[in-house]
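Asker: Provide a 3D model corresponding to the input given below.
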Amino acid sequence: MQLIKQLSGPGAAGVGVLGLAISGTVWNFYGVQFGLSGTVASLLALSVGLFLLRPLPLVPEAATDAITQSDEATTSEIAAVADATNAISEPTSVLTTAEAIALELATEAENQPAALMVNYAPEHLLAGKNLPSRKRQPGPSLQRYRTMTSELFKS
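Answerer: Numbers count the residues shown, from 1 in each chain. Predicted coordinates for the structure are as follows:
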């Protein structure tokens, strides 16, 4: 019985997904009447599958009475701890993990030497220094474009 419960959710969801794929194909080839009914049935199966796949509580039903009794005890313990913390007048400074990591990274960054930006070939890395500065001329491939535009603007 437990196996049936475990397999019913994925089974219904699988039928719904496959049904949607098949109903889309049926809709394309056989028309709206068959495709729409297949789509509605597939969406219904998919929703049932998703409902069955919802997370279930891990606690068995027999243990719920013990949990409610322990909840009553913990609420009284929480109230006692809250009273004790309110009695303390000075709050203590405790670093969280994130603050401790940030402090450690800041001290490491301060202890590192400054990076030197050195360029080993500055005369060869200047953009456009060695490029010829002659004016560019159109090549032979531009001739087809010129003939096309001259035909367009003849009138």
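Asker: SS state for residue 26?
Answerer: Assigned by DSSP: H, G, I helix; E, B strand; the rest coil, the conformation of residue 26 is helix.
Asker: got the contact list for it?
Answerer: Contacts for residue 26 (Cβ atoms under 8 Å, 6 or more residues apart in numbering) come out as 34-35, 38. Where C-beta positions appear, they are placed from N, C-alpha and C, glycine not excepted.
Asker: Nearest to residue 153 among those?
Answerer: Minimum distance to residue 153 across those is 54.0 Å, recorded for residue 35 (Cβ to Cβ).
Asker: Setting aside sequence neighbours, what's the nearest residue to the closest one?
Answerer: residue 27 (2.5 Å; Cβ to Cβ, 6 or more residues apart in numbering).
Asker: Number of residues surrounding that neighbour?
Answerer: With neighbours defined by other Cβ atoms under 10 Å, the count for residue 27 comes to 17.
Asker: and the gap between it and residue 10?
Answerer: As judged by Cβ to Cβ, to the nearest Å, residue 27 and residue 10 stand 26 Å apart.
Asker: And residue 26, by the same measure?
Answerer: Residue 26 is 24 Å from residue 10, where distance means Cβ to Cβ.
Asker: cool, and residue 17?
Answerer: 10 Å.
Asker: can you check residue 132 too?
Answerer: Counting by Cβ to Cβ, the gap from residue 132 to residue 10 is 70 Å.
Asker: So between those two, which is more surrounded?
Answerer: More neighbours surround residue 10 than the other of residue 132 and residue 10, with 12 against 4 (other Cβ under 10 Å).
Asker: so where's the protein uncertain?
Answerer: 56-92, 119-130, 155 (pLDDT under 70).
Asker: For residue 11, which non-adjacent residue is spatially closest?
Answerer: Residue 11 sits nearest to residue 49 (Cβ to Cβ, 6+ apart), 7.2 Å away.
Asker: count of residues packed around the one you found?
Answerer: With other Cβ under 10 Å as criterion, residue 49 counts 19.
Asker: still on that earlier bit, quick one, what contacts the residue nearest to residue 35?
Answerer: Contact analysis of residue 27 by Cβ under 8 Å, 6+ apart lists 34-36, 38-39.
Asker: For burial, what's the neighbour tally of residue 42?
Answerer: 20.
Asker: helix or strand for it, which one?
Answerer: Per DSSP states H and E: residue 42 is located in helix 32-52.
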